[in-house]
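Asks: fold the stuff below for me.
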Amino acid sequence: MGTLHTEPARGRPDLLAAPVADALAQWPADAPVDVDAVVVAAIDAELADTAAFCDAYQVGLDESANCVVVAGKREGVVRYAACVVLATTRADVNGVARRALDVRKASFAPMADAVESTGMEYGGITPIGLPPEWPILVDARVVAAPYVIIGSGVRHSKIALPGPALAVLPGARVVEGLAKSV
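Replies: Numbers count the residues shown, from 1 in each chain. Predicted coordinates for the structure are as follows:
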C-alpha cells in the first residue's frame, strides 16, 4: 500500500466521517471480512484527489478505487446510487449505472447533493456508511483486487480494505462491466 502508515479504522474515528465510523462500529461479527481488515491512513488533504494521492504515496492506480455518486429521476423522484470502480477505469454512468437505477438518464450527482445526502466530504465519499436505501454498484474488478484504497468520508485520510469486503456491504451488488478501461 505504498508509503501509507495504516492502522485499524474503527480505532481512529478522527480519521473517518461520522457515517463511516458508525458503519464500522456496526460491522457484523459474522461478516466474511473482519472489521479489523479495514484500515485507515492519514494523508495530506491537499493530495486526496486520486492522481495526486497515488503519486505522492506511491500507490498504483490499480490499487486505488473511486466511489462516485450518480443520480437519475423516475416519476419525479431522484434516485441515487454509488458506483465503485478502480482508478484505472471510468464508471459507465449512462449505460450500466443508468439501467441499475432504472432511470432514463443518469449523471454524476451535484456536489452539494452528494455531500448533504452522505454526510461525507466531496472527494472523500466512500461506499461504507452510505444511506441504506442507496444501491452500491461495485465493479467486479474491484472485488477481485486483494486490497483497494478508497475514501474515508473525509479528505485527510484513506481507507484500505480487501476488495471482497466491498461486495458484502449493505446494498452492494457486484456488477460486471460497470467500468470501462481508460
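
Asks: what about residue 117, how many residues nearby?
Replies: Each residue near residue 117 was counted by other Cβ atoms under 10 Å, and the total is 17. Quick note: C-beta positions are derived from backbone N, CA and C, even for glycine.

Asks: can you report phi and psi for it?
Replies: phi -70, psi -30 (degrees, to the nearest 10).

Asks: hang on, isn't it packed against residue 81?
Replies: No: Residue 117 lies out of contact with residue 81 (Cβ atoms under 8 Å); the separation is 11.4 Å.

Asks: overlap in contacts, these two.
Replies: Counting by Cβ atoms under 8 Å, 6 or more residues apart in numbering, the shared contacts of residue 117 and residue 81 are residue 69.

Asks: what segments of this structure are strands?
Replies: 7-8, 39-42, 65-74, 77-86, 89-91, 106-108, 136-139, 148-151, 157-161, 172-175, 179-181 (DSSP state E).

Asks: got these as JSON lines, with distance to residue 124, mean pLDDT and mean neighbour count columns?
Replies: Output for the strands of the chain, formatted as JSON lines (distance: least, Cβ to Cβ, whole Å; pLDDT from 0 to 100; neighbours: other Cβ atoms under 10 Å):
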{"stretch": "strand 7-8", "distance to residue 124": "18", "mean pLDDT": "97", "mean neighbour count": "14"}
{"stretch": "strand 39-42", "distance to residue 124": "12", "mean pLDDT": "98", "mean neighbour count": "22"}
{"stretch": "strand 65-74", "distance to residue 124": "9", "mean pLDDT": "96", "mean neighbour count": "21"}
{"stretch": "strand 77-86", "distance to residue 124": "13", "mean pLDDT": "96", "mean neighbour count": "21"}
{"stretch": "strand 89-91", "distance to residue 124": "17", "mean pLDDT": "96", "mean neighbour count": "20"}
{"stretch": "strand 106-108", "distance to residue 124": "16", "mean pLDDT": "95", "mean neighbour count": "18"}
{"stretch": "strand 136-139", "distance to residue 124": "16", "mean pLDDT": "98", "mean neighbour count": "25"}
{"stretch": "strand 148-151", "distance to residue 124": "4", "mean pLDDT": "98", "mean neighbour count": "26"}
{"stretch": "strand 157-161", "distance to residue 124": "8", "mean pLDDT": "98", "mean neighbour count": "25"}
{"stretch": "strand 172-175", "distance to residue 124": "19", "mean pLDDT": "96", "mean neighbour count": "19"}
{"stretch": "strand 179-181", "distance to residue 124": "20", "mean pLDDT": "93", "mean neighbour count": "16"}
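
Asks: save these as CSV, and put in distance to residue 26 too.
Replies: Below are the strands of the chain laid out as CSV (distance: least, Cβ to Cβ, whole Å):
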stretch, distance to residue 26
strand 7-8, 15
strand 39-42, 17
strand 65-74, 19
strand 77-86, 18
strand 89-91, 27
strand 106-108, 28
strand 136-139, 16
strand 148-151, 18
strand 157-161, 16
strand 172-175, 15
strand 179-181, 28
